[in-house]
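Visitor: For reference, the sequence and a predicted model appear below.
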Number of protein chains: 2
Amino acid sequence: MERAPIHGIEVFLTIVREGSMRAAAEVLGVGAPAVSLQLKALEDRLGVDLLFRTTRSIEMTDAGRVLFEAADPAYRDMVHAVRKSQESAKSTTGTLRLSLSRGAYITAVAPVLAKFRAENPGITLDISWNEELVDILREGFHAGIRLGDILAPDMLAVRVTGPVPSAFFASPEYLKEQGKPKHPRDLLDHHCIRYRQPTSKAIREWWVTEKGQETRIDPPSRLVFDTVIGVIQAAREGHGIGWSMRTTMEEHLRSGELETILEPYARPLPPFYIYYPDQNKRVECLRLFVDCLKQQQRQENAKR
Amino acid sequence: MERAPIHGIEVFLTIVREGSMRAAAEVLGVGAPAVSLQLKALEDRLGVDLLFRTTRSIEMTDAGRVLFEAADPAYRDMVHAVRKSQESAKSTTGTLRLSLSRGAYITAVAPVLAKFRAENPGITLDISWNEELVDILREGFHAGIRLGDILAPDMLAVRVTGPVPSAFFASPEYLKEQGKPKHPRDLLDHHCIRYRQPTSKAIREWWVTEKGQETRIDPPSRLVFDTVIGVIQAAREGHGIGWSMRTTMEEHLRSGELETILEPYARPLPPFYIYYPDQNKRVECLRLFVDCLKQQQRQENAKR
DNA sequence: CCTATTATTTAGTATTTTTAAATAATGGAA
DNA sequence: TTCCATTATTTAAAAATACTAAATAATAGG
């Protein structure tokens, strides 16, 4: 790389500011000859003499004065730019852009949101709620939170919940009409409301536990949504049986609009992970957020 | 010298501007690995990631964007500062500060002044007229013009005249009163007006030629000036005989206020030299001026 | 004139930078 | 999908550069 035109200017500026090579050498943490040689190299590179020098004193030439007056502020600007950049990464203020699903929000984020916001008043959380596994990098997110089984590769992933309880659910009206299934195999004769993963376009199988055996079933799918909200909505309207994370429908269970069935067979979903590109580990806002999630996770483990 | 904080930023800026490492490498005239390694070194030095990179594309991180936005203008400023400095030295506009004696002015500068000013309308000549051999460097002059025998050491010196004709002179009144000396040894019985060199504080000896023999004489000095003008003024007032460069009194010879004596014995003074610190050879204005003087000198040689 | 201080030169050493070649990774095309 | 073209990275070796110590030179001030 042919020496950049500005290479070595720091040495020149330091000499001028300090008034002598010796002092400049001290400031720069090198020997005096290094400074002398650097300056000469710069002069040769520019084809211009910058300093008159006797063995006792230093004085700028016309060209040197021109250079110093223009370059010194610019140099300071650059140093300042570097510092700003470093601080922007280390800063505990700024915006953290997250991509997460509704389920991830309810399960992983909602429990820590109040605490995190209180502890980090400078951080703006910019949350995109969507079901798809977006390309974090391309879309400009710092991180995403997804279930462990649909993680993108080549990302750092940190588990932020335990396994996620699931539930089969339907409206009381539907169950009264169609009867309550007693065993997963009964589902084959029911209206099942299914969820299609928007990214993979696959219909998500239902996870079932039976006597310690974990299996998946694939009941007939006459009604399919690509959002969990749609599934729940349809269930509330009595269109059939759905399966999803328990937390996503909890409020409807409480209100009596929905009730759970097949409780012993509902197998938990894999845990949620927050994932982000390797590079982002240096973004302080993200680090703080991840720490907060981890801490919550530890507390929940301790409770049990 | 611990790497300057801004070291390597040019590489980063180039990558961003060009949109890829490969293109940046081409612009910088190096191989792609060099660019990649430089960037990584910069990131490590700053402790901040600047670019997301896949093998196919480059995207700035938040910190990278901050750095680019602030550093790019500053970097351009610096490059501009360098260019300005180079141009200031190369410029054919600007100010040329000269230190010279009255004799030097009349003998060396006056003959070329009109031509030089016509050819270089952009150059301001800032001339300090004084008899002392000033410290060019300390006083901020680009060059001085002095007689060859009183040159400072460690300067570049360029001869700009031939040997300088001298003359013994006095007013017609004085000569009528005291008689015209016929031989230098007669001067010992005359009132001689002498010149003290301001720098060395020495009284300048009078240079004499006799039958090819060059000698110096030191006639009694009852009246001494430290400017040639003073010597001439006193001579015009009839106070005695002076000796100096012929050109400095030419106008008074023409007007009849002074007349020359001992013509065959008047030994020429050494030539004038323009001298300047080694460093100034790169100042374009000075180069032009020296060239102009040299050319004049060549023309005069040719005429003879 | 000497001394203390500073800059420069030199030659050798250490460090950094660069390169070439191989490897890895990606996005688009077949 | 698999392959291809393109790009980034890793590696080890080489080249280039920067640094130092010691000697030298130069100057201002006592």
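Guide: Nice, thanks for sending it over. Just so it is clear, the structure is predicted and the values come from calculations on it, not from any experiment. Residues are numbered from 1 along each chain as shown, chains lettered A, B, ... in the order given.
Visitor: so A:Arg83 is in which element?
Guide: helix A:62-90 (DSSP states H and E).
Visitor: That helix: which residues count as buried?
Guide: Across helix A:62-90, burial judged by 16 or more other C-beta atoms under 10 Å in any protein chain shown covers A:62-68, A:70-72, A:74-75, A:77-79, A:81-82, A:84-86, A:88-90. Yep, even glycine has a C-beta here, placed from its N, CA and C like the rest.
Visitor: I'd like to know which elements it is packed against.
Guide: helix A:9-18, helix B:32-46, helix B:62-90 (3 or more C-beta pairs under 8 Å, 6 or more residues apart in numbering or on different chains; DSSP states H and E).
Visitor: for the following helix or strand past it, packing partners?
Guide: Downstream of helix A:62-90, the first helix or strand assigned by DSSP H and E is strand A:94-100. The contact analysis (3+ C-beta pairs under 8 Å, 6+ apart) places strand A:94-100 against strand A:123-129, strand A:143-147, helix A:284-303.
Visitor: Going by neighbour count, list what's buried in stretch A:94-114.
Guide: A:94, A:96-109, A:111-112.
Visitor: Helices along the stretch 101-250 of chain A, start to end?
Guide: Assigned by DSSP state H, counting those that start in this stretch, the stretch 101-250 of chain A shows helices spanning A:102-104, A:110-119, A:136-139, A:172-178, A:228-236, A:250-255.
Visitor: looking at the ones you listed, which is closest to B:Ala167?
Guide: helix A:136-139 (89.9 Å; C-beta to C-beta).
Visitor: pLDDT (mean, whole number) over the closest one?
Guide: What helix A:136-139 shows for mean pLDDT is 70.
Visitor: Please apply the same query to stretch A:18-26.
Guide: pLDDT averaged over stretch A:18-26 gives 92.
Visitor: what does it contact?
Guide: A:11, A:14-15, A:17, A:27, A:31-32, A:34-36, A:39, A:53, A:57-58 (C-beta atoms under 8 Å, 6 or more residues apart in numbering or on different chains).
Visitor: Filter those down to the buried ones.
Guide: A:Val11, A:Thr14, A:Ile15, A:Ala34, A:Val35, A:Ser36, A:Leu39, A:Arg53, A:Ile58.
Visitor: these two touch, right, the first one and A:Leu37?
Guide: Think A:Val11. No - between A:Val11 and A:Leu37 there is no contact under C-beta atoms under 8 Å: 9.3 Å.
Visitor: what's A:Tyr275 sitting at in phi/psi?
Guide: phi -130, psi 150 (degrees, to the nearest 10).
Visitor: Find me whatever residue is spatially closest to the residue most central in space within chain A, sequence neighbours aside.
Guide: Nearest residue to the geometric centre of chain A (C-alpha atoms, centre = their mean): A:Ala143, 1.8 Å. Leaving aside its chain neighbours, A:Ala143 sits nearest to A:Tyr276 (3.8 Å; criterion: C-beta to C-beta, 6 or more residues apart in numbering or on different chains).
Visitor: again, but for A:Pro5
Guide: A:Pro5 sits nearest to B:Val82 (C-beta to C-beta, 6+ apart), 5.0 Å away.
Visitor: mind listing what the one you found touches?
Guide: A:Pro5, A:Ile6, A:Ile9, A:Leu46, A:Leu67, A:Ala71.
Visitor: Let's have the contacts of stretch A:18-26 in TSV, adding distance to A:Thr227.
Guide: Below are these laid out as TSV (distance: C-beta to C-beta, whole Å):
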residue	distance to A:Thr227
A:Val11	62
A:Thr14	62
A:Ile15	66
A:Arg17	63
A:Val27	62
A:Gly31	68
A:Ala32	71
A:Ala34	65
A:Val35	66
A:Ser36	71
A:Leu39	67
A:Arg53	75
A:Ser57	77
A:Ile58	72
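Visitor: which regions of the stretch 201-304 of chain A lie under the pLDDT threshold?
Guide: A:304 (pLDDT under 70).
Visitor: Got the phi and psi for the closest residue to DNA strand D within it?
Guide: Closest to DNA strand D within the stretch 201-304 of chain A is A:Gln279: 9.8 Å, counting by C-beta to the nearest atom of the strand. Note on A:Gln279: its backbone torsions stand at phi -60, psi -30 [degrees, to the nearest 10].
Visitor: need the contact list for it.
Guide: B:Asp49, B:Phe52, B:Thr61.
Visitor: related to what we said a few turns ago, look up the residues forming beta bridges with the residue nearest to the centre of chain A.
Guide: Legend: beta-bridge partners of A:Ala143 under DSSP bridges are A:Leu98.
Visitor: and A:Pro163, how many neighbours does it have?
Guide: A:Pro163 has 13 neighbouring residues, counting by other C-beta atoms under 10 Å in any protein chain shown.
Visitor: how close does it sit to DNA strand D?
Guide: 29 Å (C-beta to the nearest atom of the strand, to the nearest Å).
Visitor: What of A:Tyr195?
Guide: Distance from A:Tyr195 to DNA strand D, by C-beta to the nearest atom of the strand: 23 Å.
Visitor: Same question for A:Asp189.
Guide: With C-beta to the nearest atom of the strand as the criterion, A:Asp189 and DNA strand D are 36 Å apart.
Visitor: Around that residue, how many other residues sit close by?
Guide: 12.
Visitor: check contacts around it.
Guide: Contacts of A:Asp189 by C-beta under 8 Å, 6+ apart: none found.
Visitor: same deal with A:Gln178?
Guide: A:Gln178 makes contact with A:His190, A:His191, according to C-beta under 8 Å, 6+ apart.
Visitor: And for A:Arg222?
Guide: A:His191, A:Cys192 are the contacts of A:Arg222 under C-beta under 8 Å, 6+ apart.
Visitor: Need the per-residue pLDDT for the closest residue to A:Ile127 other than its chain neighbours.
Guide: Counting by C-beta to C-beta, 6+ apart, A:Leu98 is the residue found nearest to A:Ile127 once chain neighbours are left out, at 5.0 Å. Note for A:Leu98: predicted pLDDT of 89.
Visitor: near DNA strand D, which residues of the stretch 201-304 of chain A?
Guide: Within the stretch 201-304 of chain A, no position is near DNA strand D by C-beta under 7 Å from any atom of the strand.
Visitor: Find the closest residue to chain B in the stretch 201-304 of chain A.
Guide: A:Gln279 (4.2 Å; C-beta to the nearest C-beta).
Visitor: I'd like the distance between that residue and B:Leu13.
Guide: 19 Å (C-beta to C-beta, to the nearest Å).
Visitor: can you check A:Glu237 too?
Guide: 58 Å.
Visitor: domains for chain A, by residue range?
Guide: Domains of chain A are assigned by automatic domain parsing as A:9-90, A:94-163+A:271-303, A:166-265.
Visitor: can you map out the strands along the stretch 151-300 of chain A?
Guide: Along the stretch 151-300 of chain A, counting by DSSP state E, counting those that start in this stretch, strands occupy A:156-159, A:166-170, A:192-195, A:206-210, A:213-217, A:223-225, A:241-245, A:259-261, A:272-276.
Visitor: Is any residue of the last one near DNA strand C?
Guide: No - applying C-beta under 7 Å from any atom of the strand, one finds strand A:272-276 out of contact with DNA strand C, separated by at least 14.4 Å.
Visitor: Pull up the residues of the stretch 51-200 of chain A that are close to chain B.
Guide: Residues of the stretch 51-200 of chain A that fall close to chain B, judged by C-beta under 8 Å from any C-beta of the partner chain: A:52, A:54, A:59, A:61-64, A:66-67, A:69-71, A:73-75, A:77-86, A:88-90, A:94, A:137.
Visitor: Filtering those residues by proximity to DNA strand D, which remain?
Guide: A:Thr54.
Visitor: quick one: pLDDT of the residue nearest to A:Glu284 when sequence neighbours are not counted?
Guide: Nearest non-adjacent residue to A:Glu284, counting by C-beta to C-beta, 6+ apart: A:Lys90, 4.8 Å away. Looking at A:Lys90, its pLDDT reads 83.
Visitor: Over to A:Asp154?
Guide: 65.
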